[in-house]
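1. okay, structure incoming, though there's no sequence with it:
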């Protein structure tokens, strides 16, 4: 455990890693109060970490799940008399991981990819140790590809920013949400690495405060100037002419460019439009869903109203009062200046410009079958 | 002290009253956790209550200050040998009240009105007890006029709502902010009293949560259905077509209709405009400032960034991270459907329709000189 005053973290952040038979996570529930590493030496412990949001952000969960299967196989190999018995234990752990977060697409993607490899090798009679080595290499590849994809899209995005830039962002689309590099914040990190002077306004992002807790922390850890604002003060900084670009991540993008993201993204896009500030979505192709024609088809998850009634340990609302807690909103494509992806900066009309991204996403999904 | 489960309060709320030589306040810092009455038997205790926001909202502070002067005189009369000595003690207490909240216009208005009467009567040699009775009557008049004005504007506003209506509001412009009836929430109470079915969405209103803590509590206490939402979810309920009218209070209105109100009001007006939902300001004429031509002249107070870094007892943001905390924003007149005042529902062009309101405000201010 480190205290909050120690911000000397390597970059990309070691959000998820595998060391000495343990999956090691930055415990995001404890930030920014303290930087604590959560060590998971078996799959049930890792499942608990995912459920409790110690690791969150779809790409980061995918990486954690990939290493979780490495863990699963290594544990199985030490207790099972033969590969078939090991595979039975492995499958039980894989099912447990699949049951942690039902909506994070990358979780299932990673379980199919690494789990499928394990099945093929085990059924082919490969020695236990060789299967273990192959799974480890595959999980490393999942992490490496995430880092590479985020770096690519971030470099494309960085080119959009002037030499002195102020970026407004919402929620946490940073290293902590991914393998360590980030999407919206990846753009900021890439621009800073190029010597650009980038300052960030971070919406605190009620109800779960990912902006206040995580975005502020990770920018400060990289010595990037950040100012936290209440979500409803974003309109004021946009109106003041203080902002050069709004950049957020995405939870899911429809084929027409409509984007589901954290609640509060849509009003930000409306205000950016009103004040003629460009509004960008930064996301890897895996976030683009070719099977969904428009945002109207995206079901918005409603979460526990208790998240609205409380803030950390503090209760603001009388217990019997109703609260409404939609977790996401939909930003229509017409309000999005461009989508920043590993394929480049894609501008309207999105129905044609998003083509390669949707195709890449379709191929990756097809590969899972 | 009452617990939160006891919501049987009379309406209008006894926000501020005078009983048996004490100014009695609902302690708004303790809501909604508990309903506690703060009894102030001397002026320093009342000053502390105002500074600590136990009583807040400009009209409510004005009423508290008026009764504070009654208290001041009664205490002075018991210890002073003659009216001149009593007046000296009284003036010291009046100065202390004036030093509590520098920006609340109604505070100074009430101190001039009740304090000026005291000066005139004392200098004219009236007996101590008769001065006391006159001050008590004047303070009662301040409260009665506030209640009457709020009721008038609320009846005008209620006529705007359909028989089944959903109102979205921000911050607390309710009974707790006034003598007990409210402005934006007064409209809701008046409509409900007329038998209309009114439901309310209350923005929680970060950073100080007046919506979550106070608006939800006072609506629930009157059995009006209320749903608390995070400020950034207001866009979703507006877009869903769930809202018939947005109504907020105001901190100051310029002669052209531009309105300063709690941070987060301006983005609400932009979103109401986008989704063709009427946006109303409800405020008494005393809130209209004839000396200010437009919102550009209104200076926006920046408050302690610590309010943004924290929420109740919970700290979300690392201590060294900067936060920006503008307390108000300006909603341009062009986004306001109408101003609801005791003179009626005033629609654009505001430069002519606000005339009687500005004149009433000018006369009241002139009367203070």
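-> Received the coordinates, thanks. Just so we're clear, the structure is a prediction, and the values are computed from it rather than from any experiment. Numbers count the residues shown, from 1 in each chain, chains lettered A, B, ... in the order given.
2. now do the strands in the stretch 101-250 of chain A.
-> Taking DSSP state E, counting those that start in this stretch to define them, one finds strands in the stretch 101-250 of chain A at A:164-169, A:197-203, A:226-229, A:245-248.
3. nearest to chain B, of these?
-> Taking C-beta to the nearest C-beta, strand A:226-229 is the member of the strands of the stretch 101-250 of chain A nearest to chain B, at 4.5 Å. Any C-beta I mention is one placed from the backbone N, CA and C, and that applies to glycine too.
4. quick check: mean pLDDT of the closest one?
-> Computed over strand A:226-229, the mean pLDDT rounds to 98.
5. returning to what we had before: just so I know, which of the strands of the stretch 101-250 of chain A lies nearest residue A:306?
-> Among the strands of the stretch 101-250 of chain A, the nearest to residue A:306 by C-beta to C-beta is strand A:197-203 (21.5 Å).
6. other SSEs contacting the closest one?
-> Other helices and strands packing on strand A:197-203, by 3 or more C-beta pairs under 8 Å, 6 or more residues apart in numbering or on different chains; DSSP states H and E, are strand A:164-169, helix A:184-193, helix A:216-221, strand A:226-229, helix A:234-239.
7. residues in contact with it: which ones?
-> For strand A:197-203, the external contacting residues (C-beta atoms under 8 Å, 6 or more residues apart in numbering or on different chains) are A:161, A:163-171, A:185, A:188, A:191-192, A:211-212, A:215-216, A:219, A:224-231, A:234, A:237, A:242-243, A:264, A:268, B:232, B:324.
8. just the angle between it and strand A:164-169, please?
-> Calculated by axes from the mean of the first three to the mean of the last three C-alpha atoms, to 10 degrees, strand A:197-203 forms an angle of 20 degrees with strand A:164-169.
9. what does the next helix or strand after strand A:197-203 rub up against?
-> Taking DSSP states H and E as the definition, the helix or strand that follows strand A:197-203 towards the C-terminus is helix A:210. Helix A:210 is contacted by residues A:171-172, A:262 when judged by C-beta under 8 Å, 6+ apart.
10. do stretch A:352-369 as well
-> With C-beta under 8 Å, 6+ apart, stretch A:352-369 has contacts from A:108-109, A:112-113, A:116, A:253, A:255, A:257, A:285-290, A:339, A:341, A:343, A:346-347.
11. just the buried ones from those?
-> Neighbour counting with 16 or more other C-beta atoms under 10 Å in any protein chain shown marks A:108-109, A:112-113, A:253, A:255, A:257, A:285-290, A:339, A:341, A:343, A:346 as buried within the contacts of stretch A:352-369.
12. ok, longest helix in chain A?
-> Ranked by residue count under DSSP state H, the longest helix found in chain A is helix A:128-158.
13. that older thread, output the helices and strands packed on strand A:197-203 as CSV; include the columns mean neighbour count and distance to residue A:125.
-> Shown next, in CSV, are the helices and strands packed on strand A:197-203 (neighbours: other C-beta atoms under 10 Å in any protein chain shown; distance: least, C-beta to C-beta, whole Å):
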stretch, mean neighbour count, distance to residue A:125
strand A:164-169, 22, 50
helix A:184-193, 26, 42
helix A:216-221, 25, 45
strand A:226-229, 26, 54
helix A:234-239, 23, 59
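14. for residue A:252, which non-adjacent residue is spatially closest?
-> Once its chain neighbours are removed from consideration, residue A:252 has its nearest residue in residue A:260; the separation is 4.6 Å (C-beta to C-beta, 6 or more residues apart in numbering or on different chains).
15. so which strand or helix has the one you found?
-> strand A:259-262.
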